[in-house]
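[1] sequence and predicted model, in that order:
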Amino acid sequence: GIFAVDSFFFLSGFLGSYFLYERLLDGKRMEWALIYFHRIWRILPVYTFIMLIYVTMIQVLGDGPFWFKLYEVIEHTSHNCWSNLIFINNMYPPNSADQCMGWGWFLAVDMQFFMVTPPLIYIQYKKPIIGWILLSIWLAQDLTTSTVLSAVRGYSPSIITPQPHFFEQFYQRPYCRAAPYIVGLSSGYLFSYIRRNKPNFKIPMPAVILGYIISFSTIFVIVFSIYWDDQWNQFENSLYLGFSRFAWGLSIAYINLSMFLGYGGIIRKFFFARLWQPLAKLTYGAYLSHPLFMWLYYFNQWTWIMVENRNFWYLYISHAFCAFTFAVIAYLLIEKPFMNLEPMLVKGVIGIIFKILKKPLPSEFK
């Protein structure tokens with residue numbers, strides 16, 4: 001659903017916080033340039049590959065009475081792909097109809113969040129109180145901005161009602177999407193602290209069960225309550241838009257942290273199954289490519305598509321299969337080779353720099 005992306009924001013914040021904080025606790029330096037380089041290097045190769053397909057190939061892969069519309073969209077947006085490559089496409093172009101690969105807004109927002117993550121984690125490591133204050137201020141800003149902006153502009157959480165400029169001026173703005181990411185940052189720090197300082201930490205079983213009931217109930221309410229949003233007033237709409245993603249992040253945080261600490265039973269066994277490991281390596285490629293397969297199918301039609309459950313189940317399975325199959329190819333041809341190239345490139349560049357400076361090469365780069 002529409003909150004799946006908030007789960008990814010949580011995971012991004014959690015993993016970034018946890019691994020950076022663990023690095024500092026292990027006595028390693030915060031390699032600022034390498035941290036940002038690694039992030040960009042992991043994202044851009046496959047992103048650029050699929051962008052090239054979008055710009056050069058998609059237009060010649062179909063025909064039919066609806067195909068002209070997709071041709072016009074790609075022709076109209078291709079000249080703005082540069083903004084995707086520097087991760088500002090959620091801000092420029094200001095009109096979502098002009099955005100190249102509109103689904104790439106997530107990568108822009110996530111990168112913008114990541115840009116401030118290493119400094120925040122470093123401050124959290126050096127001055128924990130100041131770190132928590134900064135996170136609290138950021139969270140307060142996000143909740144306040146989301147609530148007030150939705151109230152002033154009359155937005156609602158409806159996914160059916162047309163809302164001009166909702167996507168570009170609210171949905172994809174970083175100052176309205178940060179809550180689950182901030183929860184992820186806090187959870188990563190908390191998990192690291194528990195592992196290192198409270199190895200025998202236990203949660204009473206009644207508290208575990210109550211936490212799961214509250215978390216899953218909250219998720220259920222957030223997802224299904226908007227079916228009655230046409231009966232809400234503006235205050236209720238703004239309250240939902242302002243706090244639903246924060247509540248979602250808290251629920252996901254409890255479920256994840258409890259499972260990382262060994263709780264969860266059959267739920268933990270399901271999510272920790274090795275079955276998901278190969279699929280996890282393919283999700284990035286599948287995320288970037290799946291709209292292309294959907295477009296190729298829908299805009300190639302010569303007749304209308306009947307809106308029936310069986311049709312959409314069939315299309316969902318078919319699109320997922322195509323996307324993950326393509327992701328395998330992208331992983332083997334692009335993503336994995338660039339991952340293998342990164343350490344060689346870093347060592348080579350660092351070696352040249354230290355040679356020019358006539359300084360001994362640090363042991364981790366030998």
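    Good, I have the coordinates.
[2] list the buried residues in the lowest-mean-pLDDT helix or strand in the chain.
    In the chain, the helix or strand scored least confidently by mean pLDDT, DSSP states H and E is helix 336-357, which has a mean of 90. Neighbour counts over helix 336-357 (16 or more other CB atoms under 10 Å) mark Phe338, Val346, Ile350 as buried. Bear in mind the C-beta positions are built from the backbone N, C-alpha and C, glycine included.
[3] tabulate the residues you listed (CSV), appending distance to Asp230.
    Formatted as CSV, those follow (distance: CB to CB, whole Å):
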residue, distance to Asp230
Phe338, 48
Val346, 54
Ile350, 59
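[4] Phe220: which of these is nearest?
    Phe338 (40.5 Å; CB to CB).
[5] may I have the phi/psi pair for Met30?
    phi -80, psi 100 (degrees, to the nearest 10).
[6] how many neighbours does Ala286 have?
    22 (other CB atoms under 10 Å).
[7] which helix or which strand is home to it?
    helix 283-298 (DSSP states H and E).
[8] tell me the angle the helix or strand following that helix makes with helix 283-298.
    The C-terminal neighbour of helix 283-298 among helices and strands, as given by DSSP H and E, is helix 309-330. Between helix 309-330 and helix 283-298, the angle comes out at 130 degrees (axes from the mean of the first three to the mean of the last three CA atoms, to 10 degrees).
[9] can you map out the helices along the stretch 151-300 of the chain?
    166, 179-197, 205-224, 234-260, 266-271, 276-280, 283-298 (DSSP state H, counting those that start in this stretch).
[10] name the helices or strands packed onto the second one?
    Based on contacts counted as 3 or more CB pairs under 8 Å, 6 or more residues apart in numbering; DSSP states H and E, the elements that helix 179-197 packs against are helix 4-25, helix 105-126, helix 128-153, helix 234-260.
[11] what does the fifth one give?
    Other helices and strands packing on helix 266-271, by 3+ CB pairs under 8 Å, 6+ apart, are helix 234-260.
[12] okay, buried residues for the helix it packs on please.
    237-238, 240-242, 244-260.
[13] low-confidence ranges in this protein?
    1, 364-366 (pLDDT under 70).
[14] put together JSON lines for the helices and strands packed on helix 179-197, with distance to Thr161 on each row.
    As requested, the helices and strands packed on helix 179-197 are exported to JSON lines (distance: least, CB to CB, whole Å):
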{"stretch": "helix 4-25", "distance to Thr161": "20"}
{"stretch": "helix 105-126", "distance to Thr161": "21"}
{"stretch": "helix 128-153", "distance to Thr161": "13"}
{"stretch": "helix 234-260", "distance to Thr161": "10"}
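[15] so which of these gets nearest Leu44?
    helix 105-126 (9.6 Å).
[16] give the buried residues for that closest one.
    Quick answer for helix 105-126 (16+ other CB under 10 Å): 105-114, 117-118, 120-125.
[17] can you give the contact residues for that helix?
    5, 8-9, 12-13, 16-17, 20-21, 24-25, 30, 32, 35-36, 39, 43, 47, 84, 87-91, 99, 130-132, 134-135, 172-174, 177-178, 181, 185, 189, 287 (CB atoms under 8 Å, 6 or more residues apart in numbering).
[18] got it, and stretch 143-154?
    Stretch 143-154 is contacted by residues 155-156, 169-170, 175-176, 179, 234-235, 237-239, 241-243, 245-246 when judged by CB under 8 Å, 6+ apart.
[19] what are the C-alpha coordinates of that stretch, in PDB please?
    Output of stretch 143-154 as PDB, limited to C-alpha atoms (Å, rounded to 0.1, in the frame of the first residue of the first chain):
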ATOM      1  CA  LEU A 143       5.000  16.400  12.400                       C
ATOM      2  CA  THR A 144       4.200  20.200  12.600                       C
ATOM      3  CA  THR A 145       4.900  20.800   8.900                       C
ATOM      4  CA  SER A 146       2.800  17.800   7.700                       C
ATOM      5  CA  THR A 147      -0.100  18.700   9.900                       C
ATOM      6  CA  VAL A 148      -0.200  22.500   9.300                       C
ATOM      7  CA  LEU A 149       0.500  22.200   5.500                       C
ATOM      8  CA  SER A 150      -2.300  19.700   5.000                       C
ATOM      9  CA  ALA A 151      -4.600  21.900   7.000                       C
ATOM     10  CA  VAL A 152      -3.800  25.100   5.200                       C
ATOM     11  CA  ARG A 153      -4.000  23.500   1.700                       C
ATOM     12  CA  GLY A 154      -7.000  21.300   2.500                       C
END
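[20] who's in contact with the nearest residue to Gly102 once chain neighbours are set aside?
    Among residues not flanking Gly102 along the chain, Ser96 sits closest, at 6.1 Å (CB to CB, 6 or more residues apart in numbering). Residues in contact with Ser96, defined by CB under 8 Å, 6+ apart, are Gly102, Phe167, Glu168, Gln172.
[21] for the second one, which non-adjacent residue is closest in space?
    Ranked by CB to CB, 6+ apart and with sequence neighbours excluded, the top spatial neighbour of Phe167 is Ser96, at 5.0 Å.
[22] return the member of the buried residues of helix 336-357 nearest to Arg310.
    Phe338 (40.5 Å).
[23] what sits closest to that closest one if chain neighbours are left out?
    Of all residues not flanking Phe338 in the chain, Pro45 sits nearest, at 4.4 Å (CB to CB, 6+ apart).
[24] hmm, that neighbour is touching Asn340, no?
    No: judged on CB atoms under 8 Å, Pro45 makes no contact with Asn340 at a distance of 11.6 Å.
[25] got the contact list for the residue nearest to Pro94 when sequence neighbours are not counted?
    Nearest residue to Pro94, sequence neighbours excluded (CB to CB, 6+ apart): Glu168, at 6.3 Å. Residues in contact with Glu168 (CB under 8 Å, 6+ apart) are Pro94, Asn95, Ser96.
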